[in-house]
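# sequence and predicted structure are below.
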Amino acid sequence: MSAIIIGAGITGPVTAMALQKAGIDAEIHEAYGRTADGVGAYLTLAPNGLAALRVLDVDHRDLGGFDTPALELRGSDGRLLAHLGMGRDDDAGTVSQTVRRSDLYVRLRDEAVRRGIPIHYGRQLVDAAAAGAGGVVASFADGTTAEGDLLIGADGLHSRTRAILDPACPPPRYTGLLNTGGYASGISVDGPVGVFTMIFGRRAFFAYVNRGPGDVWWFANVPRARAATDAELAAWTPERWRAELVRLFADDAGPALRILAATPEIIAPWNTLDLPSVPVWHRGPIGLVGDAAHGISPTSGQGASLAIEDGVLLARFLRDHGDPTRAFAAFEAARRTRVERLIAQAKRTSNQKIPNPLTRVLRDRVILPLVSRAAARSTNDWVTDYRIDWDAPADRLPA
Ligand SMILES: Cc1cc2nc3c(=O)[nH]c(=O)nc-3n(C[C@H](O)[C@H](O)[C@H](O)COP(=O)(O)OP(=O)(O)OC[C@H]3O[C@@H](n4cnc5c(N)ncnc54)[C@H](O)[C@@H]3O)c2cc1C
């Protein structure tokens with residue numbers, strides 16, 4: 001079998017490496033060049049994602065991240081609401097890793113290339129159609145085409161593959177928050193290295209983590225009733241955006257203002273989106289993985305980990321079923337419940353980050369302490385303890 005993979009983000013290279021392990025050839029087609037590699041924010045890889053990478057012999061120590069074992073929730077007055085572990089990893093003693101997205105992309109792509117997997121840049125998928133004899137032909141904006149036995153859409157939240165499969169698919173949903181962040185330097189903050197502090201501020205949500213001496217990574221979620229248009233996003237010059245963040249956090253306890261002042265370049269704001277339920281995940285030899293199938297907001301801390309699980313599991317099903325149509329169906333049956341439950345959970349958490357001026361005091365005094373206590377008592381083990389047994393028979397894979 002040979003697979004065409006669309007997208008060289010996180011899911012694309014992972015899927016290609018997993019297919020190779022399953023004895024299936026794959027080539028990756030990525031719309032952009034490598035010029036965007038240095039840009040952007042960071043993310044956290046949870047133990048379930050790290051364990052899925054280990055199936056492919058990718059060691060978390062090679063990803064350029066740092067240990068992030070726990071997080072603290074705090075109110076706008078600085079009160080500690082809860083201390084939460086970020087998942088345990090008994091089998092290898094690993095904890096969650098925080099890594100720049102660009103570092104993760106580059107390292108996964110480089111590893112795929114090192115293993116002999118071709119990546120074609122500048123290939124933007126425009127169409128895909130079934131070919132004779134059960135295969136598929138992909139057409140790209142540059143006029144080139146590619147043929148294979150199956151096509152895997154790993155092309156992210158705004159997936160073209162998804163639109164080809166189902167032109168009526170609902171667009172990504174705006175979750176009510178703008179996202180931003182940055183890297184502060186030459187500053188010291190309280191708290192152990194690697195423990196996120198997350199503050200439900202009076203007007204917006206602020207989180208930071210001590211990366212090492214003088215090095216603080218942070219992000220902020222800013223409530224906004226409707227998604228900002230491209231023109232509105234462009235109108236926030238770096239100076240205006242910085243001034244807006246200073247205004248939003250001026251009355252909260254904690255080091256937000258010092259961290260903002262120590263950040264040379266604040267990442268421009270963007271709308272936070274998710275995809276609560278994608279109706280069509282596959283048809284014939286074409287299927288979706290990663291954000292293309294189930295975009296989840298960064299609030300979950302699980303988007304990248306789910307994407308990695310997807311790539312390994314789909315390869316496992318393709319190895320065992322042979323036929324792409326059956327493999328995609330088995331993959332959807334194994335994945336849909338887990339990912340949609342997590343997307344819904346992330347949306348509920350996002351809602352807590354949106355203070356309503358009329359009910360904020362109630363949120364801060366009653367709801368947040370209750371929710372935080374419940375979070376500290378409950379377990380997210382069903383998310384972070386998920387493991388893929390590569391050698392298990394197909395019918396024994398976890399749901
Ligand atoms: C700022 C930010 C912070 C985040 N924080 C976290 C976090 O803390 N923890 C976490 O787990 N997740 C986080 N996420 C989510 C995580 O980054 C995604 O879930 C993950 O990147 C999904 O991987 P993917 O490969 O499916 O999609 P992507 O990483 O989006 O990759 C898709 C690739 O497909 C390419 N592509 C798109 N269209 C085409 C086309 N037509 N033809 C060819 N190629 C195409 C794109 O250029 C891209 O390279 C965050 C996301 C953002 C934006």
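Yep, it's here.
# for the stretch 1-150 of the chain, which residues are neighbours of the ligand?
6-12, 29-32, 41, 43-44, 101, 123-125 (C-beta under 6 Å from any ligand atom). The way it works is simple: take the backbone N, C-alpha and C, and place the C-beta from them, glycine included.
# mark which of those residues are buried, thanks.
6-12, 29-31, 41, 43-44, 101, 123, 125 (16 or more other C-beta atoms under 10 Å).
# in strands, which of those appear?
Members of these lying in strands (criterion: DSSP state E): 6, 29, 30, 43, 44, 125.
# contact residues of the stretch 201-350 of the chain facing the ligand?
Taking C-beta under 6 Å from any ligand atom, the part of the stretch 201-350 of the chain that reaches the ligand is made up of 290, 291, 292, 298, 301, 302, 303, 304, 305, 307.
# and if we set it to 8 Å?
With C-beta under 8 Å from any ligand atom as the criterion, the stretch 201-350 of the chain meets the ligand at residues 219, 267, 270, 289-292, 295-296, 298, 300-307, 310.
# if we can go back for a sec, pick out the most distant pair among the buried ones among the residues of the stretch 1-150 of the chain next to the ligand.
44 and 123 (30.0 Å; C-beta to C-beta).
# what backbone torsions are found at the residue of the stretch 1-150 of the chain found nearest the ligand?
Of all residues in the stretch 1-150 of the chain, the one sitting closest to the ligand is residue 9 (1.9 Å; C-beta to the nearest ligand atom). The phi and psi values for residue 9, taken as degrees, to the nearest 10, are phi -80, psi -120.
# list the contacts for it?
Contact partners of residue 9, counting by C-beta atoms under 8 Å, 6 or more residues apart in numbering, are 105, 154, 155, 156, 290, 291, 307.
# mind doing that once more with 7 Å?
Taking C-beta atoms under 7 Å, 6 or more residues apart in numbering, we find residue 9 in contact with 105, 154, 156.
# repeat for residue 248
203, 204, 222.
# nearest to the ligand, of those?
residue 222 (13.5 Å).
# quick check: the closest one touching residue 204?
Yes: here residue 222 lies in contact with residue 204, judged by C-beta atoms under 7 Å, at a distance of 4.6 Å.
# hmm, which of the contacts of residue 248 are the buried ones?
Buried members of the contacts of residue 248, counted by 16+ other C-beta under 10 Å: 203, 204, 222.
# and the helix or strand harbouring the last one, which strands flank it?
Following DSSP states H and E, the helix or strand that holds residue 222 is strand 215-223. Here strand 215-223 has these sheet partners by DSSP bridges: strand 173-185 (antiparallel), strand 205-212 (antiparallel).
# residue 61: which of those is closest?
Closest approach to residue 61 among these is made by strand 205-212 (16.0 Å; C-beta to C-beta).
# contacts for the closest one?
Contacts for strand 205-212 (C-beta under 7 Å, 6+ apart): 66, 68, 98, 189, 191-199, 216-221, 249, 252, 254, 256, 259, 353.
# now the buried members of those.
Buried members of the contacts of strand 205-212, scored by 16+ other C-beta under 10 Å, are 66, 68, 98, 189, 194-199, 216-221, 249, 252, 254, 256, 259, 353.
# from those residues, which ones fall inside strands?
In strands, defined here by DSSP E, the members of those are 66, 98, 195-199, 216-221.
# as CSV, those residues with pLDDT would be great.
As requested, those are exported to CSV (pLDDT from 0 to 100):
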residue, pLDDT
66, 94
98, 95
195, 95
196, 95
197, 95
198, 94
199, 95
216, 97
217, 97
218, 97
219, 97
220, 97
221, 96
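# show me which pair in those residues is furthest apart.
66 and 221 (22.0 Å).
# these two touch, right, residue 100 and residue 42?
Yes: contact criterion C-beta under 7 Å: residue 100 and residue 42 qualify, at 4.7 Å.
# ok, for the residue most central in space within the chain, nearest residue in space, not its chain neighbours?
Among the residues of the chain, residue 303 comes closest to the average C-alpha position under C-alpha atoms, centre = their mean, at 2.6 Å. Once flanking residues are discounted, residue 303 sits nearest to residue 296: 4.9 Å by C-beta to C-beta, 6 or more residues apart in numbering.
# orientation of the worst-scoring helix or strand of the chain on mean pLDDT relative to strand 195-200 in degrees?
Here the helix or strand of the chain ranked lowest by mean pLDDT, DSSP states H and E is helix 368-377, holding a mean of 78. Relative orientation of helix 368-377 and strand 195-200, computed by axes from the mean of the first three to the mean of the last three C-alpha atoms, to 10 degrees: 150 degrees.
# give the next helix or strand downstream of helix 368-377.
Where DSSP H and E defines the elements, the next helix or strand beyond helix 368-377 is helix 381-384.
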